[in-house]
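Asker: Got a predicted structure here, sequence first:
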Amino acid sequence: MPRKLIIDTDPGVDDAFAISLAALSEDVDLLGVTTVFGNVPLENTTRNALRVLQLCGRADVPVAAGAHRPLVHPQIARAGHVHGMDGLSGRSAALPEPERELEPGGAVGLLVSLLEAADEPVTITPIGPMTNIALLLAAHPHVKPKIDRIVLMGGGVDRGNSTAAAEFNIWSDPEAARRVLVEEDVPCVMVPLDLTYRCAVDTAWLGKLASTGPIGAALEALTPDYLASYRRALGWDGIVLHDAVAVAEAISPGILRTESYPIEVDTTFGPGRGATLVDRRLPGMRGEGEGATAQGAVQVAVDTDVNGLGEFVLGRLTRPTAAAS
Ligand code: RIB
Ligand code: CA
């Protein structure tokens, strides 16, 4: 039975690969895509999501736009310096124009209607700021039994990227992240930077992708700005497909090895704002209330077969599928 999936996203180059990974996987029932501000403003992330689905021949997938700003406090820093000002290395306009219009009810409305209609539990994969998911769970708790897992790309165990302490998706809306990761009781898998950085792919991998056909070539063509940014960050010719690592786990549970930890999210305005505090103390040392979360623990992705994951993603992105539109 295909795995039911909804992706909440801020495309973003790595988001484009992640959306394509799900859209081209025959064992995935991609119920819908919802967009959020993040790498670039909402208008751009939404346009990019529609175009990437059109590229993959998946104009059948409904798309709805969500939050254009965080839940509580402004966070105005986008990531155009990493993904390009249009979110796709300036190449968004090179993608096919979408045939499909946006769904009228907005992201939370689409999430609610898809979850209510689902005849089996759905995996939700937030790969941008978690604003839409926090709003969904706060306003429509009745849909929680329909959620199998929330598999998110975000957070860092020992590091950040937006600050020394905070990863971009969490840093963009710490209050939303805390709502979902700490205050709710929905099973969560957090795929942090510590693991995604280890899953970087090189230009040889990108070259293989580009040689597989029009979709692979179009995805590779979205990477120049992203590659320039990660060439500086990594010190070698590669890119980090953060979001594809999370979607790989969503569509192939267990491809990442996880460990269970209480988590806290720093929503103060100190240097740690947006940090995900993964409590790795020995269980006996976690006094009641200290580091224990209000609701259970989170599965934190800590390891994977890095080469196997790269082959999995490449294989899925190059599967024969509907001709690119
Ligand atoms: O920190 C990496 C995350 O932030 C990825 O989701 C990337 O797309 C950006 O949104
Ligand atoms: Ca993203």
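Answerer: Noted; the coordinates are in hand. Just so it is clear, the structure is predicted and the values come from calculations on it, not from any experiment. Residues are numbered from 1 along each chain as shown. Ligands and ions are numbered 1, 2, ... in the order given.

Asker: what does the stretch 1-150 of the chain put close to ligand 1?
Answerer: 10, 12, 14-15, 38-39, 127-128 (C-beta under 6 Å from any ligand atom). Yep, even glycine has a C-beta here, placed from its N, CA and C like the rest.

Asker: Out of these, name the ones that lie in helices.
Answerer: 14-15 (DSSP state H).

Asker: biggest separation within the residues of the stretch 1-150 of the chain next to ligand 1, which pair?
Answerer: Using C-beta to C-beta, these reach their maximum pairwise distance at 14 and 38, which is 11.2 Å.

Asker: Mind pulling up the pLDDT for the residue lying farthest from the centre of the chain?
Answerer: Ranked by distance from the centre of the chain (C-alpha atoms, centre = their mean), the top residue is residue 284, with 33.3 Å. Looking at residue 284, its pLDDT stands at 81.

Asker: how much space is there between the nearest residue to residue 207 once chain neighbours are set aside and residue 126?
Answerer: Once flanking residues are discounted, residue 207 sits nearest to residue 220: 7.6 Å by C-beta to C-beta, 6 or more residues apart in numbering. Counting by C-beta to C-beta, to the nearest Å, the gap from residue 220 to residue 126 is 25 Å.

Asker: Pick out whichever of the two has more residues nearby.
Answerer: Using other C-beta atoms under 10 Å, the more surrounded residue of residue 220 and residue 126 is residue 126, with 29 against 21.

Asker: and the longest helix for the chain?
Answerer: helix 42-55.

Asker: which other residues reach that one?
Answerer: Outside helix 42-55, the residues within contact range by C-beta atoms under 8 Å, 6 or more residues apart in numbering are 9-12, 15-16, 19-20, 23, 33, 35-40, 59, 61, 63, 65-68, 86-88, 92, 95-100, 102, 128, 215, 218-219, 324-325.

Asker: circling back to that earlier point, relative to residue 252, how far out is the residue nearest to residue 207?
Answerer: With C-beta to C-beta as the criterion, residue 220 and residue 252 are 23 Å apart.

Asker: One more: residue 185?
Answerer: Residue 185 is 25 Å from residue 252, by C-beta to C-beta.

Asker: got the CA positions of the longest helix of the chain in CSV?
Answerer: C-alpha atoms of helix 42-55 as CSV (Å, rounded to 0.1, in the frame of the first residue of the first chain):
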residue,chain,number,x,y,z
LEU,A,42,6.1,32.7,0.8
GLU,A,43,5.2,33.9,-2.7
ASN,A,44,8.5,32.4,-4.0
THR,A,45,8.3,29.2,-2.0
THR,A,46,4.8,28.6,-3.3
ARG,A,47,5.6,29.3,-6.9
ASN,A,48,8.6,27.0,-6.7
ALA,A,49,6.6,24.2,-5.2
LEU,A,50,4.0,24.3,-8.0
ARG,A,51,6.8,24.4,-10.6
VAL,A,52,8.8,21.5,-9.2
LEU,A,53,5.6,19.3,-9.1
GLN,A,54,4.9,20.3,-12.7
LEU,A,55,8.5,19.3,-13.6
